[in-house]
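# I would like to see how this sequence folds:
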Amino acid sequence: MRDQVEIGMGRTAMRGYDLDDVEIVPSRRTRSSKDVSLAWQIDAYRFDIPAITHPTDAVVSPATAVRMGELGGLGVLNAEGLWARHTDVEDKIADVIRLAEESSDPEAPIRRLQELHAAPLRLDLLSEALKQVKDSGVTVAARVSPQHAEELTPDLLAAGVEMLFVQGTIISAEHVARDGEPLNLKSFINELDVPVVAGGVGDYRTAMHLMRTGAAGVIVGFGQSRAATTTQVLGIGVPMATAIADAAAARRDYLDETGGRYVHVIADGALSYSGEIAKAIACGADAVMLGESLSESTESPAQGYYWTSAAAHPNLPRSEIVGFTGTDADLEKMLFGPSSDPYGTLNLMGGLRRAMAKTGYRDLKEFQKVGLMLRG
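Below you'll find the predicted structure:
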């Protein structure tokens, strides 16, 4: 049973663990990294690496979504982002970065992002962006918020979207609304012919509820990074090691409940280094969402700056705009090296592959069984 810690008279809290709190334990076997497969499959779509882009305009443009797909991962475009609102997105992002670098007012770049996101969605621009991805031949994926999923999805499907991400900071299968009809995720998913990935969640019960809606994948976490401020603003936090393990337990129980339906667990947050990616898979994730760790790529639209989509919320932003040290690494080098960095910020997939080889595992599902040790 989960540890219950008394935090005061009559009040207890569950103990949870972050990825920094756990370590991967070597087994009696090692193998060559050349014998390790990082491939995974969700629905009919197979990918060479378990890497998905976090859907933020800071990291994902139509061009980077294409490049991510060419490298074996999945690029997810934000269907409610800047590419669906403006024709000159590069200039708009440059303006945000200029304010972040030069303005004496630390809130100025956030206000600018809010202004940019206040522009109306233009379906012609959104279709054009998705067509660029579709024409390349890679899998087309887009993110919508739960609030606008029903409204935007028909147009997304018409534009060629093959995988839909219904993603908010925190999402549930039971949203209670006082005004208007809330999204019924189960009926929404059942009416679609494309796989739906939904999240984020942070506990067993919510993960199980989302799996029962028919989702093909569940996102665990809310994009925790140095930029995200959800904990400061809402007081809500997700200890990622525990959250992933709980969602993996829900996946196992749901597999038994349905007689064999497997729902993929995707970790989103606290993944800056290759070792953290390895520990996320070891805790039970099938794939990881990468945002901050790809921000320094030369192909990143914000060129070393990072924010989550919650930065542009009109009245309660939950992300800073954070700048990182510049690098000359392109997306391929970020994912596959070679690297001269000793901390695992480059060659992210190479680090995962080596971790699996050093512990003797051949594929991702096997590696989910690796031993873990809790730091003292």
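
# Could you find the closest non-adjacent residue to the residue nearest to the spatial centre of the chain?
Nearest residue to the geometric centre of the chain (CA atoms, centre = their mean): M289, 3.1 Å. The shortest distance from M289 to any non-neighbouring residue, by CB to CB, 6 or more residues apart in numbering, is to D268 (3.8 Å). For every residue, glycine as well, the C-beta is placed using N, CA and C.

# Could you give the bridge partners of the residue nearest to the centre of the chain?
I52, D268 (DSSP bridges).

# Return the distance of it relative to V133.
17 Å (CB to CB, to the nearest Å).

# T258 too?
Distance, T258 to V133, by CB to CB: 32 Å.

# Those two: which is more packed in?
More crowded of T258 and V133, by other CB atoms under 10 Å: V133, with 27 against 12.

# can you tell me the helix or strand for that one?
Element membership of V133, judged by DSSP states H and E, is helix 123-136.

# got it, and L99?
Take DSSP H and E as the rule and L99 turns out to sit in helix 89-102.

# That helix vs helix 123-136, what angle?
Using axes from the mean of the first three to the mean of the last three CA atoms, to 10 degrees, the direction of helix 89-102 lies 100 degrees away from that of helix 123-136.

# what packs against helix 89-102?
Helix 89-102 sits against helix 108-118, strand 305-306, with contacts defined as 3 or more CB pairs under 8 Å, 6 or more residues apart in numbering; DSSP states H and E.

# Please repeat the previous calculation with a cut-off of 10 Å.
Here helix 89-102 touches helix 108-118, strand 305-306, strand 322-323, going by 3 or more CB pairs under 10 Å, 6 or more residues apart in numbering; DSSP states H and E.

# So for R15, which of these sits nearest?
Proximity to R15, assessed across the helices and strands packed on helix 89-102 by CB to CB, is greatest for strand 322-323 (29.5 Å).

# And the following helix or strand past the closest one, how far out from the chain middle?
Following strand 322-323 in sequence order, the next helix or strand is helix 331-336 (DSSP H and E). How far helix 331-336 lies from its chain's middle: 18 Å, per CA atoms, centre = their mean, to the nearest Å.

# Name the next helix or strand downstream of helix 331-336, please.
Per DSSP H and E, the first helix or strand lying C-terminal to helix 331-336 is helix 348-358.

# Restrict that next one to CA atoms and write it as PDB.
What follows is helix 348-358 as a C-alpha-only set of coordinates in PDB (Å, rounded to 0.1, in the frame of the first residue of the first chain):
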ATOM      1  CA  LEU A 348      19.200  11.600 -26.100                       C
ATOM      2  CA  MET A 349      18.200   8.400 -27.900                       C
ATOM      3  CA  GLY A 350      21.800   7.100 -27.800                       C
ATOM      4  CA  GLY A 351      21.800   7.500 -24.000                       C
ATOM      5  CA  LEU A 352      18.500   5.500 -23.800                       C
ATOM      6  CA  ARG A 353      19.900   2.800 -26.100                       C
ATOM      7  CA  ARG A 354      23.100   2.500 -24.000                       C
ATOM      8  CA  ALA A 355      21.100   2.300 -20.700                       C
ATOM      9  CA  MET A 356      19.100  -0.500 -22.200                       C
ATOM     10  CA  ALA A 357      22.200  -2.300 -23.400                       C
ATOM     11  CA  LYS A 358      24.100  -1.900 -20.100                       C
END
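
# sorry, back to before: what average pLDDT does the helix holding V133 get?
Helix 123-136 shows a mean pLDDT of 97.

# so where do the helices sit in the stretch 151-300 of the chain?
For the stretch 151-300 of the chain, applying DSSP state H, counting those that start in this stretch gives helices covering 185-190, 204-212, 230-234, 240-258, 274-282.

# and the residue nearest to E320 when sequence neighbours are not counted, how many neighbours?
Closest residue to E320 apart from its sequence neighbours, by CB to CB, 6+ apart: A227 at 5.0 Å. For A227, the neighbour count with other CB under 10 Å is 24.

# so what's the closest residue to S145 other than its chain neighbours up against?
Of all residues not flanking S145 in the chain, G168 sits nearest, at 5.5 Å (CB to CB, 6+ apart). Shown in contact with G168 (CB atoms under 10 Å, 6 or more residues apart in numbering): 143-147, 149, 175, 198-200, 219, 222, 309-310.

# sec struct for the nearest residue to P239 once chain neighbours are set aside, please.
Distance criterion CB to CB, 6+ apart; nearest residue to P239, sequence neighbours excluded, is G16 at 3.3 Å. Secondary structure assignment for G16 (DSSP: H, G, I helix; E, B strand; the rest coil): coil.

# So G16 sits against Y204, correct?
No. Look at G16 against Y204 with CB atoms under 10 Å: they stay out of range, at 11.8 Å.

# anything in contact with each of these two?
Shared contacts of G16 and Y204 (CB under 10 Å, 6+ apart): 2, 242-243, 245-246.

# Which one (most neighbours) among those?
A243 (33 neighbours).

# if I look at the closest residue to that residue other than its chain neighbours, how far off is T345?
Distance criterion CB to CB, 6+ apart; nearest residue to A243, sequence neighbours excluded, is G202 at 4.6 Å. As judged by CB to CB, G202 and T345 stand 26 Å apart.

# Which one's more surrounded, these two?
Per other CB under 10 Å, whichever of G202 and T345 has more neighbours is G202, with 23 against 19.
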